[in-house]
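K.L.:
Dropping the sequence and predicted coords here.
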Amino acid sequence: MDPTRSGPIALAETRLHWLDARQRVLAHNVANADTPGYRPSDMRPFAQALAGADRAMARTDPRHLAAPRDARAQRERRVEHTMDGNGVALDREALRIADTETAHAVAVGLHRRYLGMFRTALGRNQ
């Protein structure tokens, strides 16, 4: 069994792929900030992407809290548009990019730490 294909390492890699895709989407929004009629887009939340991949958390003990069916209710967000119909707000996109960058740093750190633990367990801690 390859330990890098299951558990926390695989989850961190999945998260990194999702964050990479989200960063591309957000960069595309910023690049089209002056395009008339452009509507910004975003990725669906990572938790929903995992739920769609049948990786729901399992309740192994009846005392554990059950995961809510709809963890985040979809809210209709009002997007303000400029006079040319563009809906990109650079401040909102900058916040999303910063959040994505922070999440990326956390995922990379977790990935490195778990791989370091495996190296230590194998006696290859160099």
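P.N.:
It's in.
K.L.:
helices and strands of this protein: which one bottoms out on pLDDT?
P.N.:
When the helices and strands of the chain are compared on mean pLDDT, DSSP states H and E, helix 46-52 comes out lowest with a mean of 82.
K.L.:
mind checking pLDDT for Val88?
P.N.:
pLDDT for Val88: 93.
K.L.:
Begin at 50, not 1, for the rest of this chat.
P.N.:
Sure thing, new numbering starts at 50, so read that last one as Val137.
K.L.:
That one against Pro89, yeah?
P.N.:
Yes. Val137 is within contact range of Pro89, at 4.8 Å (criterion: C-beta atoms under 8 Å). No exception for glycine: its C-beta is placed from N, CA and C like everyone else's.
K.L.:
overlap in contacts of the two?
P.N.:
Taking C-beta atoms under 8 Å, 6 or more residues apart in numbering as the contact rule, Val137 and Pro89 both touch 78, 81.
K.L.:
Which strand or helix spans the nearest residue to Val157 once chain neighbours are set aside?
P.N.:
Spatially, and ignoring its direct neighbours in sequence, Val157 is nearest to Leu65 (6.9 Å; C-beta to C-beta, 6 or more residues apart in numbering). Per DSSP states H and E: Leu65 is located in helix 56-80.
K.L.:
List the contacts of that helix.
P.N.:
Helix 56-80 has contacts (C-beta under 8 Å, 6+ apart) with 52-53, 87, 89-92, 95, 98-99, 102, 137, 139, 142, 145-146, 149-150, 152-153, 156-157, 159-160, 163-164.
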